[in-house]
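*Asks:* Would you be able to build a 3D model of this:
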Amino acid sequence: MTDVEFRLALEQWASTGCAQLLGTIPGGSGICRVVDVPASKYSVAYVSPTEGSFKEGGERGNWYATHFQLARVEARITGSCIYEYSKMNQTTPVLDCHRLPALIVSAIYADKDLPIGLYAKSHVVIDVVRGLLPQDSWSGVYFPSRREPGGIVMFDRNRVAATTVYTGDHPPRPDEIPEG
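*Replies:* Next up is the predicted model:
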């Protein structure tokens, strides 16, 4: 599906179904991030301005996975990295792109390995949604991974409260994650 065909299909659905995308990430949910930097350069406070799925270049936000294996696969990290485990401080409103029609999700998925334009369709989703839903009705985007089962949540930690409870050079063992 071309980007133009995609936009037309999305706009047609969104004109009546866009509000269906509003969902939440429950407070206390664990989120996983891997950062491909040496420990000396790592900072939990870093918020990326780099383009990615559901985030245009210059927009601030980091993405987190539902588990570390997914975080590594999505980031395409094969060597060492920093593992960060955080918990959402409160229930957070998001655009839940798992709720998009299958045709739209499939078109986004199909572009996952393009050399350029691999994020174009997800950017169209944000563009269309911004024209239909108030910006203050959502604080991030939760979307299906294009590489393996699971979900990714993207948000700006300067706008959404989350507490980092673990960082290290290996995934945390259950006893390394504080309760609560």
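*Asks:* lowest average confidence, helix or strand, in the protein?
*Replies:* For the chain, counting by mean pLDDT, DSSP states H and E, helix 68-75 ranks last in confidence among helices and strands (a mean of 88).
*Asks:* what's the helix or strand that that helix is followed by packed up against?
*Replies:* Later in the chain than helix 68-75, the nearest helix or strand by DSSP states H and E is strand 82-88. Where contact means 3 or more CB pairs under 8 Å, 6 or more residues apart in numbering; DSSP states H and E, strand 82-88 is packed against strand 30-35, strand 162-168. For every residue, glycine as well, the C-beta is placed using N, CA and C.
*Asks:* again, only using 10 Å
*Replies:* strand 30-35, strand 62-65, helix 68-75, strand 162-168 (3 or more CB pairs under 10 Å, 6 or more residues apart in numbering; DSSP states H and E).
*Asks:* most packed of those?
*Replies:* When the helices and strands packed on strand 82-88 are scored by mean count of other CB atoms under 10 Å, the highest mean neighbour count falls to strand 62-65 (a mean of 24).
*Asks:* could I have that one exported to PDB, CA atoms only?
*Replies:* The C-alpha coordinates for strand 62-65 follow below in PDB (Å, rounded to 0.1, in the frame of the first residue of the first chain):
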ATOM      1  CA  ASN A  62      12.000   7.300  24.200                       C
ATOM      2  CA  TRP A  63      10.400   3.900  23.600                       C
ATOM      3  CA  TYR A  64      10.100   1.100  26.000                       C
ATOM      4  CA  ALA A  65       9.200  -2.500  25.500                       C
END
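*Asks:* starting at the chain centroid, how far to that strand?
*Replies:* 5 Å (CA atoms, centre = their mean, to the nearest Å).
*Asks:* helices and strands around it, which ones?
*Replies:* strand 30-35, helix 68-75, strand 82-88, strand 140-144, strand 151-155.
*Asks:* For Pro49, which of the ones you listed is the nearest?
*Replies:* With CB to CB as the criterion, Pro49 lies closest to strand 151-155 of those, at 12.7 Å.
*Asks:* okay, the closest one in PDB with CA atoms only?
*Replies:* Output in PDB follows, covering the C-alpha atoms of strand 151-155 (Å, rounded to 0.1, in the frame of the first residue of the first chain):
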ATOM      1  CA  GLY A 151       4.200  -4.000  22.600                       C
ATOM      2  CA  ILE A 152       6.200  -0.800  22.600                       C
ATOM      3  CA  VAL A 153       5.300   2.400  24.400                       C
ATOM      4  CA  MET A 154       6.800   5.700  23.300                       C
ATOM      5  CA  PHE A 155       6.600   8.800  25.500                       C
END
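*Asks:* All set, thanks.
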